[in-house]
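Participant: model this:
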Amino acid sequence: MAALATRLALPIVSEVRLRRAAAPSTDRWRDVPVAAREKTELGVSFRPPQVDALGLDARATLDQILSYPFTLIRLGAYWNRIERAPGEFDPSELDWQVDAAERAGKRIILCVGPLKTFGYPEFFVPAHHVQKPLREGILVRPETHQPLIAAALAFVTRIVDRYRGRTAIVAWQVEHEAVDPLGVEHSWRLSADFVKAEVDAVRKADSTRAIMMNGFLPTSTPVRAQQWWSTRDQGDSLAIAQQLADVVGIDYYPRHALMKLGATTVYLHGEDVAGNQRRRKEIFAWARSSGKRLMISEGQAEPWEAVTVPPSPPGRSMYSCTPELVIQNYNRCIGWAREAGFDLDAYVFWGAEYWIARERSRDSRYLDAVARILSES
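Facilitator: Numbers count the residues shown, from 1 in each chain. Alright, predicted model coming up:
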């Protein structure tokens, strides 16, 4: 038994890094080769909640992001920002975002939510639709939460009805990491049949566009084990996406913090462990053999530290994602597709608002690293 425990523990120990979170910024990003993307589109996500958290102006930030030659942008219909009170429906914030993206000639993936949308805290249901907090540990099912599913279906239908005439929109995203727990803060989950009802409602409202669904790809043994355990009854979000979606999106974060211990931070970095590559290889092989579409819906391009808003210390970069890692993460995903023998639909960078915040504090390295990918890929 002791020998078995040792064999199980060794991979985990090898994936743990103890580092000072911030180190002096360098220009190593200038020397990292950039992989050719071939037919893969490059895109970004735009997160109004993150814009607010970073103290940026939303319109100016989006205009600056749109000035770069990305061809794709992911926008979100944040339910509690559109329906702030019972009976209210004010999509004006989303309207101007769609208008700006159209003017810039971008293609749009619109996440219609409704319960989970990308960006912290991921759960954006108006308070008047959840009179009591969802009970921890449960599956949120249509039959047990009838008022909630009815409101959710009405919301997604209304959103799709409003924007289906916009030719720039190329796909609807239904939920965000649809059936996974809400980070480490909550253990309730949406049931597969709850999510299927939402997908059916979107398809009924617009049968002409693709549906994209995404899921988190574990890159370390502890996270992989935790995700399997918490979703073992119905599969995780990637499995559900493979069943229900036209386009499967992978959320890829190879290096992230667990906790801060004084001046040191504990990180997980285990993507080189063979067991942590198995799931990714299975999904890529499935996509090739089935002819299904696959994209990187979130490619890590900002730090993932032990706080919800990525730190931005002057003259320093965070260990979890330095500017050179922005390029290396992109390269790795493009390389996986080459090995599997196909092109990813898209690679969507995660962290555009952070790049703008860094530039405003006179450090353009993140933006410059992304600009290199755009110009040299």
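Participant: Low-confidence stretches in the stretch 1-150 of the chain?
Facilitator: For the stretch 1-150 of the chain, applying pLDDT under 70 flags the ranges 1-11.
Participant: gap between the two ends of stretch 155-172?
Facilitator: Stretch 155-172 has its terminal residues 14 Å apart, counting by CA to CA, to the nearest Å.
Participant: Give me the contacts around it.
Facilitator: With contacts defined as CB atoms under 8 Å, 6 or more residues apart in numbering, stretch 155-172 is touched by 72, 77, 79, 82-83, 89, 91, 98, 101-102, 106-114, 174, 198, 201-202, 204-206, 208-212, 246-247. (Glycine included, C-beta is placed from N, CA and C.)
Participant: What's the PyMOL syntax to select whichever of those residues are buried?
Facilitator: Applying 16 or more other CB atoms under 10 Å to the contacts of stretch 155-172, the buried members can be selected in PyMOL as follows:
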select buried, resi 72+77+79+82+83+91+98+101+106+107+108+109+110+111+112+113+114+174+198+201+202+205+206+209+211+212+247
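Participant: OK, contacts around Cys111?
Facilitator: Applying CB under 8 Å, 6+ apart, we find Cys111 in contact with 74-77, 117-118, 172-174, 176.
Participant: List the ones among those that fall in strands.
Facilitator: In strands, defined here by DSSP state E, the members of the contacts of Cys111 are 74-76, 172-173.
Participant: Filter the contacts of stretch 155-172 down to just the ones in helices.
Facilitator: Using DSSP state H, the subset of the contacts of stretch 155-172 located in helices is 79, 82, 98, 101-102, 198, 201-202, 204-205.
Participant: Quick one: these as CSV, columns for distance to Ala287 too.
Facilitator: As requested, these are exported to CSV (distance: CB to CB, whole Å):
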residue, distance to Ala287
Trp79, 31
Ile82, 33
Val98, 29
Ala101, 27
Glu102, 30
Glu198, 23
Ala201, 26
Val202, 22
Lys204, 26
Ala205, 27
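Participant: how about the strands in the stretch 101-250 of the chain?
Facilitator: 107-111, 139-140, 169-173, 189-190, 210-216, 247-252 (DSSP state E, counting those that start in this stretch).
Participant: Of these, which is nearest Thr26?
Facilitator: strand 247-252 (23.5 Å; CB to CB).
Participant: what pairs with that closest one, and is each one parallel or antiparallel?
Facilitator: If you go by DSSP bridges, strand 247-252 pairs up with strand 210-216 (parallel), strand 293-300 (parallel).
Participant: can you give me phi and psi for Ser187?
Facilitator: Main-chain dihedrals, Ser187, degrees, to the nearest 10: phi -110, psi 0.
Participant: mind listing what it touches?
Facilitator: 136-137, 181, 230.
Participant: again, 10 Å this time
Facilitator: 134-138, 181, 230 (CB atoms under 10 Å, 6 or more residues apart in numbering).
Participant: out of these, who's nearest Pro314?
Facilitator: Nearest to Pro314 among the contacts of Ser187, with distances taken as CB to CB, is Pro181, at 35.6 Å.
Participant: beta partners for the residue most central in space within the chain?
Facilitator: Nearest to the geometric centre of the chain sits Glu298, at 4.1 Å (CA atoms, centre = their mean). On DSSP bridges, the residues paired with Glu298 through beta bridges are Asp251.
Participant: Once you drop chain neighbours, what's closest to Glu38?
Facilitator: Asp343 (5.2 Å; CB to CB, 6 or more residues apart in numbering).
Participant: Tell me, how many residues neighbour Asp233?
Facilitator: Close neighbours of Asp233, defined as other CB atoms under 10 Å, add up to 10.
Participant: hang on, it packs against Ser191?
Facilitator: Yes. Asp233 sits in contact with Ser191 when judged by CB atoms under 10 Å, with a separation of 9.3 Å.
Participant: Now list whatever residues contact both of those two.
Facilitator: 139, 179.
Participant: on that earlier part again, take the contacts of Ser187 and, keeping just the buried ones, write it as a PyMOL select command.
Facilitator: Burial among the contacts of Ser187 is assessed by 16+ other CB under 10 Å; the matching PyMOL selection reads:
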select buried, resi 134+181
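Participant: now the contacts of Ser187 in TSV, with distance to Tyr68?
Facilitator: TSV is the format used below for those (distance: CB to CB, whole Å):
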residue	distance to Tyr68
Leu134	39
Arg135	44
Glu136	41
Gly137	43
Ile138	43
Pro181	34
Ser230	37
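Participant: and stretch 289-303, what's its mean pLDDT?
Facilitator: Across stretch 289-303, the average pLDDT comes to 96.
Participant: Equivalent analysis for stretch 351-364, please.
Facilitator: Mean predicted confidence for stretch 351-364 is 97.
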